[in-house]
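>>> Here is my input, please return the structure:
(one chain, ligands or ions: 1)
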Amino acid sequence: MEQPQQRWTAEEIEEAARGFEAASVLMAATELGVFAAMARKPNGMKPADLATAVGAEPRRLRVLLDALVMLGFAERTLRGTYRGTTGELLFEAHPDGLYHRLRHLHQLQMGWVHLAEVVRDGRPRETAATGKSVADLRCFQETLFVRSRASAEEAVRRLHIETAAKLLDVGGGAGAYVLAALEQNPYLEATIVDTSAVIDIAKEKIAAAGAAERVTFVAGDFFAVPFGGGFERVLLSNIAHIYSPEQNRALLRRCFEALAPGGMIGVKDFFLARDRLGPRDAVMFAVNMAVFTENGNAYTQEELAEWLTETGFAEVSAVRLESTRTQGLVVGRRPS
Ligand SMILES: C[S@@+](CC[C@H](N)C(=O)[O-])C[C@H]1O[C@@H](n2cnc3c(N)ncnc32)[C@H](O)[C@@H]1O
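Just a heads-up that it's a prediction; the model follows:
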């Protein structure tokens, strides 16, 4: 049999393997608050002042700063001060939440270093629903809350939320989707189901938006806790990838029962192409789920559609979302 062509040089392979170096420099600087500190003076900060400002050991901080300059994330002025080149994007208070996203990526990186071990012994580093400290959980939920704003708005619009009276958001996280839905439909009432630690965060977010009276919170395991009934819309966003096909089928059955006849379900997720070789984000997300969950994976839209159809949903179809490059939506209707 013909051997596949060698397409890589040794240098290229090493370069690919060293991707962690630049990523680590960027994430460490973000976590230390170096970008916000550098911005305190318009002409940049001296390394010693920066070390005091962020509470770091001066010699190693200097090494980190030079690496940032070499990578293009900062510049060194003729006066020997350092200035960031990422604007306010990496400040903790920036509304796009990139700071929280990078902190979250750093937490993921700590699991990914054990990838070979996880693949060998089949045991995840922690389970996504249970393994997080309170601080990690908040960081994760803040990241999702901020990053999902645009796609939440589009997902609920594509579910025709304006014609519904009751929405159920299963694994609704901090409440970004529910808030988008309540904004689009002033007559809507919503229920969020999630673990009790996440429900505490959702309560804060919903109260801060002044919507507490329109939302019911259900804390508990969504495979067991009663959802109530008569919902006209059910949303499952970024849930399917945490669980196995069998678990997803069981959850879809619970969602079907919670829906009023004629009601719609929307399942939003990273979806793999049929050959499972792309897109890159979905393939890498499958690896992420292998590291952190017992049974999670990335799935194709066809798999989701098959599970929905088996459950009894009709009019099952895939909806393209314009607001996200990486996620899709599969919808279905409980027959009237
Ligand atoms: C990836 S987050 C998605 C949050 C939100 N739906 C979104 O798309 O941004 C998954 C959520 O499901 C919740 N979750 C996972 N398994 C759960 C379970 N068995 N019972 C209740 N909540 C669960 C997690 O706590 C988390 O808030």
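>>> separation between Asp269 and Ala298?
With distances taken as Cβ to Cβ, to the nearest Å, Asp269 is found 8 Å from Ala298. Every C-beta, even on glycine, is put in place using the N, C-alpha and C of the backbone.
>>> And Thr324, by the same measure?
For Thr324 relative to Ala298 (Cβ to Cβ), the value is 15 Å.
>>> Tell me which of those two has more neighbours.
Neighbours were counted for Thr324 and for Ala298 using other Cβ atoms under 10 Å; Ala298 has more, 23 against 19.
>>> Make sure the more buried one is actually in contact with His241.
Yes. Applying Cβ atoms under 8 Å, one finds Ala298 in contact with His241, separated by 5.6 Å.
>>> Run a quick neighbour tally on Arg233.
Residues contacting Arg233 under the criterion other Cβ under 10 Å number 26.
>>> my bad, should have said Glu189
Using other Cβ under 10 Å, Glu189 has 18 neighbouring residues.
>>> Now the common contact residues for Ala298 and His241.
Residues touching both Ala298 and His241 (Cβ atoms under 8 Å, 6 or more residues apart in numbering) are Asp269, Phe270, Phe285, Ala286, Met289.
>>> In helices, which of these fall?
Cross-referencing the shared contacts of Ala298 and His241 against helices under DSSP state H gives Phe285, Ala286, Met289.
>>> ranking these by neighbours, who comes first?
Neighbour max across these (other Cβ under 10 Å) = Phe285, 22 neighbours.
>>> Contacts only, for that one.
Counted by Cβ under 8 Å, 6+ apart, Phe285 has contacts His241, Phe270, Ala298.
>>> Check the gap between the first one and Gln5 for me.
Distance check for His241 against Gln5: by Cβ to Cβ, it reads 34 Å.
>>> any idea how far the residue nearest the centre of the chain is from Pro279?
Geometric centre of the chain, nearest residue: Leu144, 4.8 Å, by Cα atoms, centre = their mean. For Leu144, the distance to Pro279 equals 20 Å [Cβ to Cβ].
>>> now do Glu322
16 Å.
>>> Which residue of these two possesses the greater neighbour count?
Remark: of Glu322 and Pro279, Pro279 carries more neighbours, 15 against 9, as counted by other Cβ under 10 Å.
>>> What backbone torsions are found at that one?
Recorded main-chain torsions at Pro279 are phi -70, psi 160, according to degrees, to the nearest 10.
>>> How about the residues of the protein by the ligand?
Contact residues, the chain versus the ligand (Cβ under 6 Å from any ligand atom): 129, 144, 148, 171-173, 176, 194-195, 198, 221-223, 237-239, 242.
>>> Just those residues: which are in strands?
Asp194, Ser237 (DSSP state E).
>>> Buried ones among the residues of the chain next to the ligand?
The neighbour count (16 or more other Cβ atoms under 10 Å) marks 129, 144, 148, 171-173, 176, 194-195, 198, 222, 237-239, 242 as buried among the residues of the chain next to the ligand.
>>> What residues sit buried inside stretch 87-99?
Applying a neighbour-count criterion of 16+ other Cβ under 10 Å, one finds Leu90, Phe91, His94, Gly97, Leu98, Tyr99 buried in stretch 87-99.
>>> Give me the distance between it and the centre of its chain.
Here stretch 87-99 is found 16 Å from its chain centre; the criterion is Cα atoms, centre = their mean, to the nearest Å.
>>> repeat for stretch 58-67
Distance, stretch centre to chain centre, for stretch 58-67: 31 Å (Cα atoms, centre = their mean).
>>> check contacts around Leu32.
When contacts are counted by Cβ under 8 Å, 6+ apart, Leu32 touches Val54, Ala56, Leu61, Leu64.
>>> Could you save these as CSV and add columns showing secondary structure?
As requested, the contacts of Leu32 are exported to CSV (DSSP: H, G, I helix; E, B strand; the rest coil):
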residue, secondary structure
Val54, helix
Ala56, coil
Leu61, helix
Leu64, helix
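>>> show me where pLDDT drops low in the chain?
In the predicted model of the chain, residues 1, 127-132 satisfy pLDDT under 70.
>>> Can you show me the helices along it?
10-17, 19-32, 34-38, 47-54, 58-71, 98-112, 115-121, 134-147, 149-158, 176-184, 196-208, 245-258, 280-292, 301-311.
>>> Columns distance to Gly228 on top of those helices, output as JSON lines?
Listed next are these as JSON lines, based on distance: least, Cβ to Cβ, whole Å:
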{"stretch": "helix 10-17", "distance to Gly228": "50"}
{"stretch": "helix 19-32", "distance to Gly228": "41"}
{"stretch": "helix 34-38", "distance to Gly228": "44"}
{"stretch": "helix 47-54", "distance to Gly228": "48"}
{"stretch": "helix 58-71", "distance to Gly228": "51"}
{"stretch": "helix 98-112", "distance to Gly228": "32"}
{"stretch": "helix 115-121", "distance to Gly228": "38"}
{"stretch": "helix 134-147", "distance to Gly228": "23"}
{"stretch": "helix 149-158", "distance to Gly228": "19"}
{"stretch": "helix 176-184", "distance to Gly228": "15"}
{"stretch": "helix 196-208", "distance to Gly228": "15"}
{"stretch": "helix 245-258", "distance to Gly228": "7"}
{"stretch": "helix 280-292", "distance to Gly228": "29"}
{"stretch": "helix 301-311", "distance to Gly228": "19"}
